[in-house]
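A.B. asks: turn this into a model:
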Amino acid sequence: MTAPMDAKREALRRQGTLHPRPKDVTDALFRSHEFFDPRDLVQVRYEMLRRVRVEGLSVTKAAAAFGFSRPAFYQAQAAYQRHGLPGLVPRRPGPRHAHKLSDEVVDFVLRQRARDPALRAASLAALVREAFGLTVHPRSIERALARRRKKGR
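C.D. replies: Residues are numbered from 1 along each chain as shown. Have a look, this model is predicted:
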C-alpha cells in the first residue's frame with residue numbers, strides 16, 4: 001500500500017506541480033505545519049505572493065524564503081495577476097505546436113515528396129527555405145510528416 005505522502009507526491013508529479021527543489025523552501029510555516037507542503041509548487045508560489053501582498057514581506061526576503069529568485073517572483077506575480085491561481089501552475093516551455101510547419105507548408109512538402117519520393121528531409125528543408133523563407137530543421141519535417149501519416153490525411 002502506498003503511503004499518503006507518497007501518493008500526494010505522485011499526484012503532484014503527474015500534474016506537473018511537484019516542486020523540483022522543496023528543500024529550498026525555508027519558510028517557517030512550510031517547516032512546522034503539515035498543511036503547508038514544500039513539494040506543492042502552486043501552494044509555495046501562492047504563499048510567497050500572499051506574504052508580499054498581505055503581510056508586506058519584501059520581495060527579496062519572500063523569494064529567498066520560498067526558494068525562488070526575484071525574477072521568478074515577478075514572473076509568478078504576473079502570471080497570477082493575468083490568470084489567477086491557474087497561472088501558478090507551471091506550463092511546459094517552448095512552442096505548443098509546429099508553428100513553422102503550417103498545413104500549407106506540410107502540403108507543399110507532401111507535393112514535393114510525391115514528385116520525387118527519393119527526396120530526404122534535408123532536401124525538403126532546403127525547398128521549404130526557398131519557397132517560404134523558413135528555416136526548418138530536417139527532423140521537424142520528419143515529425144510533421146509522421147503526424148500527418150498518423151492522422152491519416
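
A.B. asks: of all the helices and strands in the chain, which has the lowest average confidence?
C.D. replies: helix 4-15 (a mean of 86; mean pLDDT, DSSP states H and E).

A.B. asks: helices or strands next to the helix or strand following that one in the packing?
C.D. replies: The element immediately downstream of helix 4-15 (helix or strand, assigned by DSSP states H and E) is helix 28-32. For helix 28-32, the elements it packs on are helix 41-55, judged by 3 or more C-beta pairs under 8 Å, 6 or more residues apart in numbering; DSSP states H and E. Yep, even glycine has a C-beta here, placed from its N, CA and C like the rest.

A.B. asks: and the residue nearest to the spatial centre of the chain, helix, strand or coil?
C.D. replies: Residue closest to the mean C-alpha point of the chain, counted by C-alpha atoms, centre = their mean, is residue 92 at 1.1 Å. Secondary structure assignment for residue 92 (DSSP: H, G, I helix; E, B strand; the rest coil): coil.

A.B. asks: and it, what does it touch?
C.D. replies: Going by C-beta atoms under 8 Å, 6 or more residues apart in numbering, residue 92 touches residue 16.

A.B. asks: can you list phi and psi of it for me?
C.D. replies: The phi/psi pair for residue 92 (degrees, to the nearest 10) reads phi -70, psi 140.

A.B. asks: domain map for this structure?
C.D. replies: 4-88, 103-151 (automatic domain parsing).

A.B. asks: just put these in CSV and tack on mean neighbour count.
C.D. replies: Shown next, in CSV, are these (neighbours: other C-beta atoms under 10 Å):
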stretch, mean neighbour count
domain 4-88, 15
domain 103-151, 14
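
A.B. asks: quick check: pLDDT value at the nearest residue to residue 16 once chain neighbours are set aside.
C.D. replies: Leaving aside its sequence neighbours, residue 16 sits nearest to residue 90 (C-beta to C-beta, 6 or more residues apart in numbering; 5.6 Å). The confidence metric pLDDT takes the value 89 at residue 90.

A.B. asks: got the contact list for the helix or strand where residue 61 lies?
C.D. replies: Per DSSP H and E, residue 61 falls inside helix 59-65. Identification of contacts with helix 59-65 by C-beta under 8 Å, 6+ apart yields 25-27, 48-49, 51-52, 57, 69-70, 72-74.
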